[in-house]
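S.K.: Sharing a sequence plus its predicted fold:
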Number of protein chains: 2
Amino acid sequence: MKDDKLNRIFNATLYLTGKVGIAGLKMSNIAKEASMATGTLYIYFKNKEELLNALYFKLQKESAPAIINDISHLAINIQLYKMWKIALERLVDNNLRIIFLEQFVISPYISESNKEIDTGFKNYLKRILEQGKSENLIKDVDSDMLIALIIGFVRSFSTHLVNDCNGHLNEKSIDESFSLCWNAIKK
Amino acid sequence: MKDDKLNRIFNATLYLTGKVGIAGLKMSNIAKEASMATGTLYIYFKNKEELLNALYFKLQKESAPAIINDISHLAINIQLYKMWKIALERLVDNNLRIIFLEQFVISPYISESNKEIDTGFKNYLKRILEQGKSENLIKDVDSDMLIALIIGFVRSFSTHLVNDCNGHLNEKSIDESFSLCWNAIKK
DNA sequence: TAAAAATATGAATATTTATTCATATTTTTA
DNA sequence: TAAAAATATGAATAAATATTCATATTTTTA
């Protein structure tokens, strides 16, 4: 039950952030969206700042593990394909995460400790790319540039799918977009 | 003089948005950053909402013309290269624009009339891509997917340059990144 | 150059929104 | 099942911030 309430609060916050940004977030609206009284929010969180930081922490924690699994034995392009697929599906499934995360990290609410967290996703991707370069499969270009391409593309494409295609994602889109991506970075 | 004041206000707003997001924007801080009294802001703008909408309108107006010039007679890949270069330079030069624009469009401040404005950049890019496809130079893939790759990459890369490389952009980076991009989309 | 107009100031006020708290309801304990 | 503990409510209060306005300064006009 407690978890359910927390989730209702988090979902409401995420939903409203997508609608009005962090700038438009009001405790009263979060409560209404989560179908509870404003005061109830303060049973679960000391204040707005802590609520937002808790959501941020949760989103960050969730984002890494789903990806960093036991795929390291596979070929580089297969590893990348799997990551691509998971990332795209996750982002389309919950595009609100991006909006919240991007806005939150530069908002006045973020705490010092949360500033230090990083998704780990980038680092993981970097390791795969470096391995790929050493195996002569990936272009010998600055990894950060490759990462920018991959992450920029997946974010931008997922946003397009959500905004203009109702979030409809099929295998063909996944494969075609990955193929574009792979074409760009492969040697 | 009046223009100078307006620019000080706009620059201060842009600067602060990069620092604390639209969520953290305060009229008093904008005034301080622009070295003027809070009340002065209200001589130039009716209120905060109008100030932000005016800035948005200005940024939107500025963003298209710089790009849409007389390059339509050139080969597709040259056109794209020129656009890539201009976009990257502009974004690196003023990464704050992205932050402001992205946050503003979903903030509670945006006016109905401003909602209808579009940069035109996407449409222009789309036209070039379709032409490229008809000339058999560009992969026969959904244009929106190609656009997502190009725009996602350029944004993500410029953000990386600004955050991790102090905004240092040289010809090599421009050429290398464009080459990645072109490799991805060319037939 | 002196009066009028325009612009600037920032403390005072109004508004918005976060937070508290007395009271009510639900859940747990024994 | 009755008392105690935990949780929920939302109107009342506090805090933050937008906006105004009486006053001061600067610029324009004639």
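M.R.: That came through fine. Numbers count the residues shown, from 1 in each chain, chains lettered A, B, ... in the order given.
S.K.: What are the neighbouring residues in contact with A:Asp164?
M.R.: Taking CB atoms under 8 Å, 6 or more residues apart in numbering or on different chains, we find A:Asp164 in contact with B:Asp144. C-beta: built from backbone N, CA, C; applies to glycine.
S.K.: ok, it to A:Phe157 distance?
M.R.: Look at A:Asp164 and A:Phe157: by CB to CB, to the nearest Å, they are 11 Å apart.
S.K.: now swap in A:Met36 and tell me
M.R.: 36 Å.
S.K.: These two: who's more crowded?
M.R.: A:Phe157 (27 against 17; other CB atoms under 10 Å in any protein chain shown).
S.K.: is it fair to say the more buried one lies in a helix?
M.R.: Yes. With DSSP: H, G, I helix; E, B strand; the rest coil as the criterion, A:Phe157 is located in a helix.
S.K.: From what I see, it and B:Leu146 are in contact.
M.R.: No. Using CB atoms under 8 Å, A:Phe157 is not in contact with B:Leu146; the gap is 10.0 Å.
S.K.: how about the residues of chain A that lie near DNA strand C?
M.R.: A:Met1, A:Leu25, A:Lys26, A:Met27, A:Ser28, A:Thr38, A:Gly39, A:Tyr42, A:Lys46, A:Asn47, A:Lys48, A:Glu49 (CB under 7 Å from any atom of the strand).
S.K.: Scan the residues you listed and report the most crowded one.
M.R.: A:Leu25 (23 neighbours).
S.K.: OK, contacts around it?
M.R.: Applying CB under 8 Å, 6+ apart, the residues contacting A:Leu25 are A:Thr13, A:Leu16, A:Thr17, A:Lys48, A:Leu52, B:Ala23.
S.K.: If we use 10 Å, what do you get?
M.R.: By CB atoms under 10 Å, 6 or more residues apart in numbering or on different chains, the residues touching A:Leu25 are A:12-13, A:16-17, A:19, A:48, A:51-52, A:100, A:103, A:107, A:109, B:23, B:108.
S.K.: measure A:Lys133 to DNA strand C for me?
M.R.: 48 Å (CB to the nearest atom of the strand, to the nearest Å).
S.K.: In contact with the residue of chain A found nearest DNA strand D: list those residues for me.
M.R.: Nearest residue of chain A to DNA strand D: A:Gly39, at 1.8 Å (CB to the nearest atom of the strand). Each residue near A:Gly39 by CB under 10 Å, 6+ apart is listed here: A:Met27, A:Ala31.
S.K.: So for it, what pLDDT did the model give?
M.R.: For A:Gly39, the pLDDT comes out at 97.
S.K.: okay, and the common contacts of A:Phe157 and B:Leu146?
M.R.: With CB under 10 Å, 6+ apart, A:Phe157 and B:Leu146 have common neighbours A:Ser177, A:Leu180.
S.K.: Now do the domain split for chain A, please.
M.R.: A:1-44, A:60-185 (automatic domain parsing).
S.K.: picking that back up, which of the helices or strands spans the residue of chain A closest to DNA strand D?
M.R.: Using DSSP states H and E, A:Gly39 falls within helix A:38-44.
S.K.: Off-centre distance for that helix?
M.R.: From the chain centre to the centre of helix A:38-44 is a distance of 27 Å (CA atoms, centre = their mean, to the nearest Å).
S.K.: what does stretch A:76-87 give?
M.R.: 15 Å.
S.K.: If we go by neighbour counts, what in it is buried?
M.R.: Buried residues in stretch A:76-87, counted by 16 or more other CB atoms under 10 Å in any protein chain shown: A:Ile76, A:Asn77, A:Gln79, A:Leu80, A:Tyr81, A:Met83, A:Trp84, A:Lys85, A:Ala87.
S.K.: Give me the subset of these lying in helices.
M.R.: Judged by DSSP state H, helices contain the following of these: A:Ile76, A:Asn77, A:Gln79, A:Leu80, A:Tyr81, A:Met83, A:Trp84, A:Lys85, A:Ala87.
S.K.: mind checking which helix or strand of chain A has the lowest mean pLDDT?
M.R.: Taking mean pLDDT, DSSP states H and E as the measure, chain A has helix A:112-116 as its least confident helix or strand, at a mean of 72.
S.K.: downstream neighbour of that one in the secondary structure list?
M.R.: helix A:121-134.
S.K.: ok, residues contacting stretch A:71-78?
M.R.: Looking at what lies outside stretch A:71-78 - CB under 10 Å, 6+ apart - the contacts are A:79-83, A:86, A:124, A:127-129, A:131-135, A:137-138, A:178, A:182, A:185-186.
S.K.: Repeat the analysis, applying 8 Å as the threshold.
M.R.: A:Gln79, A:Lys82, A:Met83, A:Ile128, A:Gln131, A:Gly132, A:Glu135, A:Leu137, A:Ile138, A:Trp182, A:Lys186.
S.K.: Kindly report the same for stretch A:45-61.
M.R.: A:9-10, A:13-14, A:22, A:25, A:27, A:30, A:41, A:44, A:97, A:100-101, A:104, A:107, A:109-111, A:114, A:117, A:119.
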